[in-house]
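Student: My questions concern the predicted model and sequence given below.
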Amino acid sequence: MFKTARMALLAALFAGLAGPLFAADLPEPQIEEAPPPVVEQQPIDVGGWYIRGDIDYHWSHFGGSDYTTYNAAAPQIPGSFATGKLKGSFSAGAGVGYQVNQYFRTDVTFDWMGKSDFQGSTNGFCATPTVHACTSSDTSSYSAMLLLANAYVDIGTWHGVTPYVGAGIGGAWVKWDTLHNTDDDGSFEHSGGKGWRFAYALMAGASYCLTDQVKLDVGYRYSHINGGKMFEYASDSNVGPGYDHGISVHEVRGGLRYQFGQSDCAPPPEPYQPEPIYTK
């Protein structure tokens, strides 16, 4: 009986000593870290009304002009300008538009195109002192108001710079000043023509964010104004009226746009970042 008791006691002592020894060899429980949270980038809701103001320097290309010289009897003699050149001038304009989204916008613009001086010549016949071939010198100038409805594609924004392309359609009110015609027969004046004409434009450029809502806009615009009356009939020369073939205008433009709605210049809203989760 004593032997059995001693064996039980030794077994208990061995179990008490072995338990901590085996427990020391077991690995510590690991804390597993959850994967990094997914950052959800909120889309930029760009859009809203804007206003703009622009100035430019432009070069106008004269497309030629036709006229009629009237005789006492038929046939009447058609003629055209042998040469014609327009000088450069400045313009100023304003507009209102709407940014549909980050990549598309539309606006309506009105530009006043300052006077461009015209100098040209015509070939014909003079009667002083006798009938002979002669060349006249002609001077005038034109100005215009250009009203266009435009649409643009904003290609994308990089470091605050947004390249774009666009097109516009509308009309131009063109006013020619008095045409002064001088040849061997003397000097003659023709009242200038005026009126509305069809016009269109093509644009390309880039804007730059100056503030969260103000952009600097620099670009090039090609506009074409259809032909129309250039000058009226003058009874003292029996010449007129004259009709120009149209005017092409090349413009280097600069201006500012102010965005009332959300602009792509403004920093995007802070993305949602969920709290990290740890598991054992």
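Tutor: Cool, got the structure. Since this is a predicted model, take the numbers as computed values, not measurements.
Student: Tell me the spacing between the closest residue to G95 other than its chain neighbours and Y50.
Tutor: Using C-beta to C-beta, 6 or more residues apart in numbering and skipping residues adjacent in sequence, the residue nearest G95 is T109, 3.6 Å away. C-beta coordinates here come from the backbone N, C-alpha and C atoms, glycine included. For T109, the distance to Y50 equals 12 Å [C-beta to C-beta, to the nearest Å].
Student: what does M145 give?
Tutor: Taken as C-beta to C-beta, the span from M145 to Y50 is 22 Å.
Student: More neighbours: which of those two?
Tutor: Y50 (21 against 15; other C-beta atoms under 10 Å).
Student: At which residues are the strands of the chain located?
Tutor: 32-33, 48-62, 65-69, 77-86, 89-101, 104-126, 132-154, 161-176, 179-183, 186-190, 194-209, 214-231, 239-259, 278-279 (DSSP state E).
Student: so what strands line up beside the second one?
Tutor: Strand partners for strand 48-62, identified by DSSP bridges, are recorded as strand 89-101 (antiparallel), strand 239-259 (antiparallel).
Student: Could you export the strands of the chain to JSON lines, including columns for distance to A266 and mean pLDDT?
Tutor: Output for the strands of the chain, formatted as JSON lines (distance: least, C-beta to C-beta, whole Å; pLDDT from 0 to 100):
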{"stretch": "strand 32-33", "distance to A266": "36", "mean pLDDT": "55"}
{"stretch": "strand 48-62", "distance to A266": "11", "mean pLDDT": "97"}
{"stretch": "strand 65-69", "distance to A266": "51", "mean pLDDT": "92"}
{"stretch": "strand 77-86", "distance to A266": "43", "mean pLDDT": "93"}
{"stretch": "strand 89-101", "distance to A266": "12", "mean pLDDT": "96"}
{"stretch": "strand 104-126", "distance to A266": "16", "mean pLDDT": "95"}
{"stretch": "strand 132-154", "distance to A266": "15", "mean pLDDT": "96"}
{"stretch": "strand 161-176", "distance to A266": "13", "mean pLDDT": "97"}
{"stretch": "strand 179-183", "distance to A266": "53", "mean pLDDT": "94"}
{"stretch": "strand 186-190", "distance to A266": "56", "mean pLDDT": "93"}
{"stretch": "strand 194-209", "distance to A266": "9", "mean pLDDT": "97"}
{"stretch": "strand 214-231", "distance to A266": "11", "mean pLDDT": "97"}
{"stretch": "strand 239-259", "distance to A266": "9", "mean pLDDT": "96"}
{"stretch": "strand 278-279", "distance to A266": "36", "mean pLDDT": "56"}
